[in-house]
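# here is my input; please provide its structure:
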Amino acid sequence: MSKMIPQNLIEIMIHNAQEVQNQIAKDHAPVVKLHSRYGKAVWLLSELDPVNNIAFGLCDLGQGKPELGYVSLPDLASLKHARLKVPMVETDPGFDGKYPMSVYLEAAKIAGKIVEETAVLERLGTPE
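Numbers count the residues shown, from 1 in each chain. A predicted model of the protein is given here:
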């Protein structure tokens, strides 16, 4: 499994994916925020397929077009700075996803980037 994401969060993401697969729930709050140390890319992830290590969430590559999609955690973990040879993607340990993914998506569409400001998110939805 991914070393970027703590095991307790991995377990929540797997549980969320199982709920979606079993049609119990479909709009989870993001569980983890990953970001590029040397760029503008941000991923808010809520679900994980443990077999293929593919996560689902809001992906923002810093080009003004955030969208829901899937991302390979091994691929993100393998990204290294060309000169420094350090990992490019890391977890934000202070992130706390309080709103459903649909709220973060709507805010991101309006702003052209992932938004975390409580005032903006509160206008679009209620916390979970």
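
# how near is the spatially most distant residue from the centre of the chain to Arg37?
The outermost residue of the chain relative to its centre, with distances by CA atoms, centre = their mean, is Arg83 at 26.5 Å. As judged by CB to CB, to the nearest Å, Arg83 and Arg37 stand 13 Å apart. For glycine as for every other residue, the C-beta is placed from the backbone atoms N, C-alpha and C.

# tell me the SS of the residue farthest from the centre of the chain?
Classification of Arg83 by DSSP: H, G, I helix; E, B strand; the rest coil places it in coil.

# got the phi and psi for it?
phi -90, psi -40 (degrees, to the nearest 10).

# starting at the chain centroid, how far to stretch 93-111?
9 Å (CA atoms, centre = their mean, to the nearest Å).

# any residues touching that stretch, and which ones?
With CB atoms under 8 Å, 6 or more residues apart in numbering as the test, stretch 93-111 has contacts from 27-33, 44, 46, 57-58, 60, 66, 68, 114-116, 118, 120-121, 124-128.

# just the C-alphas of it, formatted as PDB.
The C-alpha coordinates for stretch 93-111 follow below in PDB (Å, rounded to 0.1, in the frame of the first residue of the first chain):
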ATOM      1  CA  PRO A  93      -1.200  16.100   7.700                       C
ATOM      2  CA  GLY A  94      -3.400  19.100   8.800                       C
ATOM      3  CA  PHE A  95      -6.100  18.500   6.200                       C
ATOM      4  CA  ASP A  96      -9.600  17.700   7.500                       C
ATOM      5  CA  GLY A  97     -12.200  17.100   4.800                       C
ATOM      6  CA  LYS A  98     -15.500  18.400   6.400                       C
ATOM      7  CA  TYR A  99     -17.700  18.600   3.300                       C
ATOM      8  CA  PRO A 100     -18.900  16.100   0.700                       C
ATOM      9  CA  MET A 101     -16.700  15.800  -2.400                       C
ATOM     10  CA  SER A 102     -19.500  17.500  -4.400                       C
ATOM     11  CA  VAL A 103     -19.100  20.700  -2.400                       C
ATOM     12  CA  TYR A 104     -15.300  20.800  -3.000                       C
ATOM     13  CA  LEU A 105     -16.000  20.100  -6.700                       C
ATOM     14  CA  GLU A 106     -18.500  22.900  -7.000                       C
ATOM     15  CA  ALA A 107     -16.200  25.400  -5.200                       C
ATOM     16  CA  ALA A 108     -13.300  24.200  -7.400                       C
ATOM     17  CA  LYS A 109     -15.300  24.800 -10.600                       C
ATOM     18  CA  ILE A 110     -16.100  28.300  -9.500                       C
ATOM     19  CA  ALA A 111     -12.600  29.200  -8.400                       C
END
